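A.B. asks: build the 3D model from these lines:
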Amino acid sequence: MSAFPDPRQLSIHDFTYQLPPERIAPEPLPDRDQSRLLVYRGGTITDQRFAQLPQVLPPDALLVFNDTKVVRARLFCQKPTGGLIELFCLEPVAPHRAIEPAMQQTGSCVWKCLVGNGKRWKTGPVTLEFMAEDQPATLTAERLEAAEGYSLIRFSWEPAALPFAEVLRGAGHLPLPPYLNRTDTAADAVRYQTVYAAHEGAVAAPTAGLHFSEAVLADLTRRGITEARVTLHVGAGTFQPVKANQMAGHAMHGEPFVVTTAVVRQLLAHAPRPVLAVGTTSLRTLESLYWLGAKLAQNPAATEETLHVSQWQPYETGPEVSTAAALQAVLDYLAQTGADALHATTQLLIAPGYRFRVAQGLITNFHQPESTLLLLVSALIGPDWRRVYDHALAHDYRFLSYGDSSLLLP
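C.D. replies: Numbers count the residues shown, from 1 in each chain. The predicted model follows:
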């Protein structure tokens, strides 16, 4: 029986701390791997540099990275009268809902967007002139309808043969976290991406990975520490504050993820040695993979439309499925459907009361007070999260996206 209350009854106000504004890192350090690394191992805290990570990892660990790539999702369009309207692309709606085909769409598309200065945008289209593939181009945006929290925007562009990915590369800005309160620079174009980013689709960086340099990756290989790559496209909901008094009133954002057959096999073969997630997005992907496998173990004939992990699925009672059986059920499903990767979505909320099935540790930055990410850290290391954060504050660690890192090994 868990010593924790039902996560739905938790109050986010119990997961707070005082974060002085000057402790939020406004810029990245000159070198990725020179950030500091707080190591929490079974209750003991030590201070290192990130470049030393390969030395302090369990030698038989499997590191799982999220190889999503941040897209330039902020667009500053101009009204005919000259005023600027900011459009923040959240997720595609038509003609594709999946991110990969949506990025290759040509001519026009519809996206959910956040709209800045929206009250000044009464009617009519707004436009944006830009350069793409060394030629002048024009993007036109029309608001189709406004809903709570977002608007549906139809984009069309000339030359129409450009894929939407090229439109965003030429016209867009990197969506830096709102708390940085500054526009993106040429340096951010490099440093707000991981060195291993591969698949475009995120609107926020998987920031735990920003510390990895080519030198650190080479050192991991030299020491025989194995790696795996998954893809979860981080959504803007990662910055969504919890406004409800109890977590039962908070709706988690959904995010698409992809895990290849080869990685599922790798995870199955690696047991019982430790699997460590690089970042909360990798961890949520690994644990979501278990819950999809548990679902498939009970219903092998599930369709791709039902491959979704809901927010409270882990906390509902049901027959226990072992991790090995769940991963094998995923492999069986992929073999049966002839697919080489699992494509699914997750709204998984990991909070105190959660029992981890795949990941045994986490590399992560320091998160905002009263955030679902802090709940996740507490689920992993229990009440010691306060000791970790008190230590980081007392020893001048830098916080949030461009801040320092921690290795959490409960």
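
A.B. asks: just the strands in the stretch 251-400 of the chain please.
C.D. replies: Under the criterion DSSP state E, counting those that start in this stretch, strands of the stretch 251-400 of the chain are mapped to 255-260, 275-278, 308-309, 341-346, 361-365.

A.B. asks: neighbouring contacts of the fourth one?
C.D. replies: Read that as strand 341-346. Here strand 341-346 makes contact (Cβ atoms under 8 Å, 6 or more residues apart in numbering) with 98, 232, 254-261, 264, 284-285, 288-289, 292, 304, 307-309, 330, 333-334. Glycine gets a C-beta too; all of them are placed from N, C-alpha and C.

A.B. asks: quick one, it and strand 255-260 angle?
C.D. replies: Inter-element angle recorded for strand 341-346 and strand 255-260: 160 degrees (by axes from the mean of the first three to the mean of the last three Cα atoms, to 10 degrees).

A.B. asks: could you dump the strands of the stretch 251-400 of the chain into CSV with mean pLDDT added?
C.D. replies: CSV is the format used below for the strands of the stretch 251-400 of the chain (pLDDT from 0 to 100):
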stretch, mean pLDDT
strand 255-260, 95
strand 275-278, 98
strand 308-309, 94
strand 341-346, 94
strand 361-365, 98
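
A.B. asks: correct me if wrong: residue 109 contacts residue 92.
C.D. replies: Yes. At 6.4 Å, residue 109 and residue 92 qualify as touching, with contact defined as Cβ atoms under 8 Å.

A.B. asks: now do the shared contacts for the two.
C.D. replies: With Cβ under 8 Å, 6+ apart as the test, residue 109 and residue 92 both reach residue 102.

A.B. asks: so what's the residue count around the closest residue to residue 56 other than its chain neighbours?
C.D. replies: Sequence neighbours aside, residue 39 is the residue nearest to residue 56 in space, at 5.5 Å (criterion: Cβ to Cβ, 6 or more residues apart in numbering). Neighbourhood size, residue 39 [other Cβ atoms under 10 Å]: 18.

A.B. asks: so residue 39 touches residue 405, yeah?
C.D. replies: No. Judged on Cβ under 8 Å, residue 39 makes no contact with residue 405 at a distance of 9.7 Å.

A.B. asks: my read is the residue nearest to residue 56 is in a strand, agree?
C.D. replies: Yes. Membership of residue 39 in a strand is supported by DSSP: H, G, I helix; E, B strand; the rest coil.

A.B. asks: list the contacts for it?
C.D. replies: 45-48, 56, 406-407, 409.

A.B. asks: please apply the same query to residue 333.
C.D. replies: 296, 300, 302, 342.

A.B. asks: who's in contact with stretch 217-234?
C.D. replies: By Cβ under 8 Å, 6+ apart, the residues outside stretch 217-234 that reach it are 53-55, 57, 59, 61-68, 70, 99, 195-196, 198-199, 201-206, 255-259, 263, 266-267, 270, 281-282, 284-286, 346.

A.B. asks: type out the PyMOL command that picks the buried ones from those.
C.D. replies: In PyMOL, a selection of the buried entries from the contacts of stretch 217-234 looks like this (16 or more other Cβ atoms under 10 Å):
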select buried, resi 53+54+57+61+62+63+64+65+66+67+68+70+99+196+199+201+202+203+204+205+206+255+256+257+258+259+263+266+267+270+281+282+284+285+286+346
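
A.B. asks: so of the contacts of stretch 217-234, which ones are in helices?
C.D. replies: 53-55, 99, 263, 266-267, 270, 281-282, 284-286 (DSSP state H).

A.B. asks: need the contact list for residue 208.
C.D. replies: So residue 208 contacts 278-280, 282, 363-365, 405 (Cβ under 8 Å, 6+ apart).

A.B. asks: need these in a markdown table (columns: distance to residue 236).
C.D. replies: Output for those, formatted as a markdown table (distance: Cβ to Cβ, whole Å):
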| residue | distance to residue 236 |
| --- | --- |
| 278 | 21 |
| 279 | 17 |
| 280 | 15 |
| 282 | 19 |
| 363 | 23 |
| 364 | 19 |
| 365 | 18 |
| 405 | 23 |
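
A.B. asks: so, low pLDDT: which residues of the stretch 151-300 of the chain?
C.D. replies: 238-239 (pLDDT under 70).

A.B. asks: quick check: the gap between the residue in the chain sticking out farthest from the centre and residue 116.
C.D. replies: Relative to the centre of the chain, the most outlying C-alpha is that of residue 81, 37.5 Å out, by Cα atoms, centre = their mean. Distance from residue 81 to residue 116, counting by Cβ to Cβ, to the nearest Å: 16 Å.

A.B. asks: ok, now residue 383?
C.D. replies: Counting by Cβ to Cβ, the gap from residue 383 to residue 116 is 39 Å.

A.B. asks: using the record's domain definitions, break this protein down for me.
C.D. replies: Domain assignment of the chain by automatic domain parsing yields the ranges 7-69+191-409, 73-173.
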